[in-house]
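S.K.: all I have is the shape, not the residue letters:
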């Protein structure tokens, strides 16, 4: 049943639909005078409102009814088709009903074209009949009814001021009028009337003038959005200035609460964020609007929305945007009467033919940076700070981040100009920045600048490739560009290998974003899957396997499983470590059977490093009782150092409470497995894990695994750093040093299966989940001997450069019509090097892995209305170093091994900046910060290592 009541003359119309929705109505001949204000406050997440940056806009708003839909009556069988959302009454029969159509005023808002078109069953056509406050007798089953309202809105007495009380000297709005701030033309446009079309309380149309600035139009959208409400409880999807959003209404007498799920809003604004959650940024949003009704229309509206954006790895680095609106009825007085007319279009034309329809949701914002220097000017100012000798200083990543922002605004020609006029020493850092910008212009510029057919640009080409692999949000165009490089002429074979390896990393990142079926991704996947079987060159097979290690596509598991049992040790170790990077759900029974065959050498003899790698994967892949039991039973029947390594690995799993620890404890209840003879093996190999940092936001761990040959020469050293945050996992760093075939130097006997290995030493690095091309120290006996006497012990660079570690950009459309631009970026300057010293005279070897870096993270939120600007910036920075040194003395057996992992004292700086500005040049800036020194330390390893270090350095301690 539909029951509608007409409250004529001075009272509002109010419609209640049983089982449906309700909408507010204005009275004819009444002028509703409201006070309106909106303010935006910007601060750090835990900041108080009193110290926030921001501004407030206040005004009066007059609302009156412009036009209500005309009507007529007759006894008939009819179908109602109207211009608004329908109220589904249901299939029940209705014998009679009183029903009103209305168009409700707001400002100059209406678009309620409520026409009734029907044909009577007695063949008397009734076309274009207009209904107006009539009684209809119906003897049928009506499908729906509609309510429409058109209102007129006008904004007056505009005032702009700061939200925080300050002395006049610090108040940029002091002494300024609205006209001076906005400009005469903008103020006139803001105060010009506009029309709103309401249907059952929902804004269905907005009418204003053609050439309004976007900011002025958005403010009007914000006012119009406050008039949208539903008088009954329930969940709906609404379109307003925030976009298309799920909304929940809670109605109680004359009070209505609207809760908007901002996290689920669909808008035209697009942004991007870092693919890994540990390095990413998270925004939490809320919006609550409270309506108070009086006589069927709005008495007051108070709305508040909050957006808190924080760095996942450090939630204290966070910004907060608070936007408030208030619309309060001041008084009602006699106003203009409705405009006569049959339809909306005719009424609008009669009011002002210059009115045009505008969408309630704003169009995409065009980013502008007023007053920003050109790219060339910016480079001239900061170029000297990007020299390589400054790479471990925080000024480098800070300037790197600002340069990336400048590059994103630049054209291809501007970028090429800077590249062509850069010093040779700063050019590698500039290549990092250009690649990290990740815009079409920057990609085209760097590809035109680099010539892969020439070998002399090796460093620049590799820096471009590494920056591409570590890109924060790569797209198909970047992968397509690398595929084009691969298909072209590449002069240097190392670069060719890097191209393929990095393409694998891009495939993984694009697949993580749902782009696995993109044409270029499909082509590259096919290329790297077919590659290993199409070549006989050992280096090329390794290249394709490393690409698969980066890609981590499920289709590669059968291929990697097959290569794990290869006769070439390098193939086996790459394939097994690639499988270790997959989620344990992908390690099925077939893969586990293969890993057990490798470890237990069921088919053939394998090198020690291959076998222990297989054991590592078994332990980390939900091992069964029998798998663990067989692994433990093997201890005591392995080569000496492998016995010690496996024993140390088991103890590390138990001490660190890794997932396999429960199964190991269960197996160790069997005394055949767990006894003194088995768990008292001697040796120097070890496996140890520990914590670098444990916090509320992120936990960082390290692991050091070292395997020696029976003669005391290093076989494999593996250092890893992991970060975990809210269930997300990041393999931050892995540095592996491998050596083989060095026993002949000390007249020692090689271990089983390693008698014919070629002399080799090299280093491999994995950085932020991206495997990089391995570096070779020497290969072959002649190369070994030539470098043995020239070996200085100076570290060899593995990776050096600038990395865009975190990258988050979004535009939040506030309900007030203002827009908040959020930019969070993290820049890392890194220098990883490794070295190996070998002394036959002192029968001592030393390996070192040196990590130097500087980190800067900036978070910036700006609300820019063209005529007023406010923002807040939070940032922190640090400079740190981490060294891992292993010293081995093999003059006697058991030989002495000392491992050291040192963290130097490093500074930590935090800064908060708030700012406001006007086009006139008046500005306010507030800064505060903190600086502290974090004490250095040597990370603790197992007690046995400490005892050995005392013996190794007893002469110097």
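M.R.: Perfect, I can see it now. Source: prediction; values computed, not measured.

S.K.: and the gap between residue 196 and residue 221?
M.R.: Per Cβ to Cβ, to the nearest Å, residue 196 is found 10 Å from residue 221. (C-beta placed from N, C-alpha, C; glycine too.)

S.K.: hey, what's in contact with both of these two?
M.R.: Common neighbours of residue 196 and residue 221, using Cβ atoms under 8 Å, 6 or more residues apart in numbering, are residue 206.

S.K.: so between those two, which is more surrounded?
M.R.: The neighbour count for residue 196 versus residue 221, taken as other Cβ atoms under 10 Å, is higher for residue 196 (35 against 26).

S.K.: just confirm that one contacts residue 224, I think it does.
M.R.: Yes - between residue 196 and residue 224 there is a contact under Cβ atoms under 8 Å: 5.0 Å.

S.K.: what's the neighbour count on residue 331?
M.R.: There are 8 residues near residue 331, going by other Cβ under 10 Å.

S.K.: how about residue 821?
M.R.: For residue 821, the count of nearby residues is 18 (other Cβ under 10 Å).

S.K.: excluding chain neighbours, what is closest to it?
M.R.: Spatially, and ignoring its direct neighbours in sequence, residue 821 is nearest to residue 862 (4.9 Å; Cβ to Cβ, 6 or more residues apart in numbering).

S.K.: tell me the spacing between that neighbour and residue 160.
M.R.: With Cβ to Cβ as the criterion, residue 862 and residue 160 are 17 Å apart.

S.K.: ok, residue 560 next?
M.R.: 64 Å.

S.K.: low-confidence ranges in the chain?
M.R.: 1-23, 49, 69-156, 365-368, 743-748, 781-795, 840-841, 892-894, 955-957 (pLDDT under 70).

S.K.: in it, which residue is most central in space?
M.R.: residue 273 (2.7 Å; Cα atoms, centre = their mean).

S.K.: my guess is it contacts residue 279. True?
M.R.: No - if you go by Cβ under 8 Å, residue 273 and residue 279 don't touch, sitting 9.5 Å apart.

S.K.: residue 925 belongs to a strand, doesn't it?
M.R.: Yes - using DSSP: H, G, I helix; E, B strand; the rest coil, the assignment for residue 925 is a strand.

S.K.: that one touches residue 913, doesn't it?
M.R.: Yes - using Cβ under 8 Å, residue 925 makes contact with residue 913 at a distance of 6.8 Å.

S.K.: the two: which is more packed in?
M.R.: Counted by other Cβ under 10 Å, residue 925 and residue 913 do not tie: residue 913 has more neighbours, with 17 against 11.

S.K.: can you tell me how far the residue lying closest to residue 621 once chain neighbours are set aside is from residue 729?
M.R.: What sits nearest to residue 621 in space, not counting adjacent residues and going by Cβ to Cβ, 6+ apart, is residue 587, at 4.1 Å. Going from residue 587 to residue 729 by Cβ to Cβ gives 16 Å.

S.K.: what does residue 757 give?
M.R.: Relative to residue 729, residue 757 is positioned 34 Å away (Cβ to Cβ).

S.K.: more neighbours: which of these two?
M.R.: Using other Cβ under 10 Å, the more surrounded residue of residue 757 and residue 729 is residue 757, with 16 against 13.

S.K.: next up, phi/psi of that one, please.
M.R.: The phi and psi values for residue 757, taken as degrees, to the nearest 10, are phi -70, psi 140.

S.K.: what separation do you get for the residue nearest to the centre of the chain and residue 928?
M.R.: 28 Å.

S.K.: how about residue 620, what does it touch?
M.R.: Residues near residue 620 by Cβ under 8 Å, 6+ apart: 580, 584, 658-660.

S.K.: residue 895 now?
M.R.: Neighbour list for residue 895: 684, 708, 712, 888-889 [criterion: Cβ under 8 Å, 6+ apart].

S.K.: tell me how far it lies from residue 684.
M.R.: Residue 895 is 6 Å from residue 684, by Cβ to Cβ.

S.K.: same deal with residue 240?
M.R.: From residue 240 to residue 684 the distance is 69 Å (Cβ to Cβ).

S.K.: compare those two (neighbour count), which wins?
M.R.: Legend: neighbour count by other Cβ under 10 Å for residue 240 and residue 684, higher for residue 684 (26 against 23).

S.K.: please name the nearest non-neighbouring residue to that one.
M.R.: Per Cβ to Cβ, 6+ apart, closest to residue 684 is residue 897, 4.1 Å.

S.K.: the one you found in helix, strand or coil?
M.R.: Following three-state DSSP, the label given to residue 897 is strand.

S.K.: I'd guessed residue 829 sits against residue 400; true?
M.R.: Yes - if you go by Cβ under 8 Å, residue 829 and residue 400 touch, sitting 7.1 Å apart.

S.K.: need the overlap of contacts for the two.
M.R.: Counting by Cβ under 8 Å, 6+ apart, the residues touching both residue 829 and residue 400 are residue 802.

S.K.: what comes up buried for stretch 541-558?
M.R.: 541-553, 556-557 (16 or more other Cβ atoms under 10 Å).

S.K.: same question, stretch 256-266
M.R.: Applying 16+ other Cβ under 10 Å to stretch 256-266 flags 256, 258, 260, 262, 265 as buried.

S.K.: which of these lies closest to residue 169?
M.R.: residue 262 (37.5 Å; Cβ to Cβ).

S.K.: list the contacts of the closest one.
M.R.: Residue 262 neighbours (Cβ under 8 Å, 6+ apart): 242, 245, 285-287, 305, 307.

S.K.: at 6 Å what do you get?
M.R.: 285, 287 (Cβ atoms under 6 Å, 6 or more residues apart in numbering).

S.K.: do you know how far it is from residue 273?
M.R.: To residue 273, residue 262 is 17 Å away according to Cβ to Cβ.
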